[in-house]
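> Using only what follows, build the 3D model:
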Amino acid sequence: MKTNTHFAFLDEGSKKEIRRTMLKAVAIPGYQVPFASREMPIARGWGTGGLQITLSIIGKQDVLKVIDQGADESVNAVSIKKLVQETTGVEVTDQTQEASVIQSRHRIPEVALTKEQILVLQVPEPEPLRNVEASEYVTKRLHSEDEYSGAWLMLFEQIMKYNKTATDADHPVYVNDRYVMAPSPIPKFDNPKMHQSESLILLGAGREKKIYAIPPYTDVKSLAFDDYPFTVESFEGNHCHLCGATDVFMDELIDSTSGKTVYQCNDTSYCVARLNEKEKLEVESNHA
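The predicted model follows:
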């Protein structure tokens, strides 16, 4: 069987078409641009949209980082990283600061991204109005008319039922005071990181055949009522049991030894970097 010989797996015509789609998405922040999603050697729903974006923009000089729900070593992250590396030969890293292209599922890294970096988010459902309207034709019309009462009604019903908004992830955002957008299933904790981000954020949904974007320094506001302001997950009073971090998104775990509840940084590379820094300071202190 003949093996694929194209740089970054996709043929040049496919990459050119996807890049044209991305340019339109950048020009209209938050707007979902349809594209001809290609068949990929991974199942739809497992990051094909983000992968096609990454393969279309990556160059030989780039450094790639891939994370899945905060972890660099998950099956999904390792598989995507392996495919990109084997078809491009690019360098890969676990360190956020070293990466020029970061592909992620369900998280934005804890380290603030810079203008030299591009964040690619995998998206299962790009339409923020899908829970209130099944018709694609109707949702397109609602976006064109700036008619988002359905999204507001969804949040209002949550407040009536739970006395708070119940969107733990994928909380809709208003982009550039124009389009309501699904930020992908990132936790609410990560929504504020999109606002005025220095980095370009590209979002791809392969199964739904949509690409959209948040250009650098764009206003991104999470939908919220004045009397029920937007709030993120709180970890007040807790810290990572490994590195001691307090201002990051954490996982709640059960310690296998003590049986007690402990908290740990969800962003594994951030946690490892803090641990390495602590060890370095301890060594320097002992030699002082």
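
> shaky segments in the stretch 1-150 of the chain?
Across the stretch 1-150 of the chain, the ranges flagged by pLDDT under 70 are 1-4.

> now the strands for it?
For the stretch 1-150 of the chain, the strands defined by DSSP state E, counting those that start in this stretch occupy 33-34, 63-68, 91-92, 101-105, 118-122.

> State which helix of this protein is the longest.
For the chain, the helix reaching the highest residue count under DSSP state H is reported as helix 268-287.

> Quick check: the spatially most central residue of the chain vs residue 223, distance?
If you average the C-alpha coordinates of the chain and look for the closest C-alpha using CA atoms, centre = their mean, you land on residue 121, 3.8 Å from that point. In this view, residue 121 and residue 223 are 18 Å apart by CB to CB, to the nearest Å. Where C-beta positions appear, they are placed from N, C-alpha and C, glycine not excepted.

> Near residue 10, how many other residues are there?
For residue 10, the neighbour count with other CB atoms under 10 Å is 20.

> ok, now which ones touch it?
Taking CB atoms under 8 Å, 6 or more residues apart in numbering as the definition of contact, the neighbours of residue 10 are 18, 38, 52, 55, 56.

> Kindly reformat those residues as JSON lines containing distance to residue 91.
As requested, those are arranged in JSON lines below (distance: CB to CB, whole Å):
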{"residue": "18", "distance to residue 91": "23"}
{"residue": "38", "distance to residue 91": "25"}
{"residue": "52", "distance to residue 91": "21"}
{"residue": "55", "distance to residue 91": "16"}
{"residue": "56", "distance to residue 91": "19"}
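
> Tell me the one of these nearest residue 237?
Relative to residue 237, the closest of the contacts of residue 10 is residue 52; by CB to CB it sits at 42.4 Å.

> if I read this right, residue 167 contacts residue 157, doesn't it?
No. In terms of CB atoms under 8 Å, residue 167 does not count as a neighbour of residue 157; the distance is 11.4 Å.

> between these two, who's got more neighbours?
Remark: of residue 167 and residue 157, residue 167 carries more neighbours, 17 against 13, as counted by other CB under 10 Å.

> residue contacts, the more buried one?
If you count contacts by CB under 8 Å, 6+ apart, residue 167 has them with 155, 158, 188.

> and with 7 Å instead?
Taking CB atoms under 7 Å, 6 or more residues apart in numbering as the definition of contact, the neighbours of residue 167 are residue 188.
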